[in-house]
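1. no sequence on this one, just coordinates:
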């Protein structure tokens, strides 16, 4: 993977919306480790992007599925 420019704001916004949706669906109680992991990866990616480390930022984001928690998966 080679990234010459930082991840777009849309990438970060999408990840943020996914985390917020998971929070609204009860991930804090039902899947706290995964939610914390997603928050940490997003924060790390933002920091790396701000430092101009685009490729590392994209790698920190990982596959989209790592940052998205399907609210239906959290339902008992």
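-> Thanks, I have it. Bear in mind the structure is a predicted one, so any value in this text is a computation, not a measurement.
2. Only the buried residues of the helix ranked longest in the chain, if you could.
-> Determined from DSSP state H, the single longest helix within the chain is helix 32-50. Neighbour counts over helix 32-50 (16 or more other CB atoms under 10 Å) mark 34, 35, 38, 39, 41, 42, 45, 46, 48, 49 as buried. From N, CA and C alone the C-beta is placed, and that goes for glycine too.
3. ok, the fifth one touching residue 58?
-> Think residue 41. No - counting by CB atoms under 8 Å, residue 41 stays clear of residue 58, with 11.3 Å between them.
4. still on that earlier bit, ok, residues contacting the longest helix of the chain?
-> Helix 32-50 is contacted from outside by 6-7, 12, 15-16, 18-19, 22-23, 27-28, 54, 56-58, 60-62, 66-69, using CB atoms under 8 Å, 6 or more residues apart in numbering.
5. let's see 6 Å
-> Contact with helix 32-50 is made by 6, 7, 15, 19, 22, 27, 56, 57, 60, 61, 67, as judged by CB atoms under 6 Å, 6 or more residues apart in numbering.
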